[in-house]
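Colleague: Any chance you can model this:
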Amino acid sequence: MKNILIEDFIKLPESNLQVIDVRESYEYQNGHINSINIPMSEILEKHGYIKPNKTVVIYCQTGRRAAAVVYMLQKKFDLKNIFNLSGGYEAYMKYKNSHQN
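Modeller: The predicted model follows:
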């Protein structure tokens, strides 16, 4: 499974990026990265939403659920363009809060 650190994620060009939040909708509504929301329980049946020509970063709150999702998608569909955001949304918020002017 491939992981991406928040510092590297922030540098990715948005034009070649798809971000998927696999948290439940109530978690997504409480705050999210610019992303689409496909809960973990639905991701395998909705794998068609994953863009094969983009770098796809999948995240959850801490990175644990997303790591499982990335593993399942790679194993079942042989997707090579997907990454787990290490530390998840918590890492994103920590980075964002530490880099505000």
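
Colleague: Give me the phi and psi for the residue nearest in space to the middle of the chain.
Modeller: Centroid-nearest residue in the chain, with CA atoms, centre = their mean: Ile58, separated by 1.7 Å. Dihedral pair for Ile58: phi -110, psi 130, per degrees, to the nearest 10.

Colleague: and it, what does it touch?
Modeller: Going by CB atoms under 8 Å, 6 or more residues apart in numbering, Ile58 touches Val19, Ile20, Val22, Ala66, Val69, Val70, Leu73, Ile82, Phe83, Asn84, Leu85. Just so you know, the C-beta spots here come from the backbone N, C-alpha and C atoms, and that holds for glycine as well.

Colleague: what's the distance between it and Ser25?
Modeller: 16 Å (CB to CB, to the nearest Å).

Colleague: What's the ChimeraX syntax to select whichever of the contacts of Ile58 are buried?
Modeller: In ChimeraX syntax, the buried subset of these is picked out as below (16 or more other CB atoms under 10 Å):
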select :19,20,22,66,69,70,73,82,83,84,85
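
Colleague: what about stretch 13-31, start to end distance?
Modeller: 22 Å (CA to CA, to the nearest Å).

Colleague: Name the residues that touch that stretch?
Modeller: With CB under 8 Å, 6+ apart, stretch 13-31 has contacts from 32-40, 43, 49-51, 54-61, 65-66, 69, 89, 93.

Colleague: PyMOL command to pick out the buried ones of those residues?
Modeller: With 16+ other CB under 10 Å as the criterion, this PyMOL line picks the buried residues out of these:
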select buried, resi 32+33+35+38+39+40+43+50+55+56+57+58+59+60+61+65+66+69+89
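
Colleague: Columns secondary structure and pLDDT on top of the contacts of Ile58, output as a markdown table?
Modeller: Below are the contacts of Ile58 laid out as a markdown table (DSSP: H, G, I helix; E, B strand; the rest coil; pLDDT from 0 to 100):
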| residue | secondary structure | pLDDT |
| --- | --- | --- |
| Val19 | strand | 97 |
| Ile20 | strand | 98 |
| Val22 | coil | 98 |
| Ala66 | helix | 97 |
| Val69 | helix | 97 |
| Val70 | helix | 97 |
| Leu73 | helix | 96 |
| Ile82 | strand | 97 |
| Phe83 | strand | 97 |
| Asn84 | strand | 98 |
| Leu85 | strand | 98 |
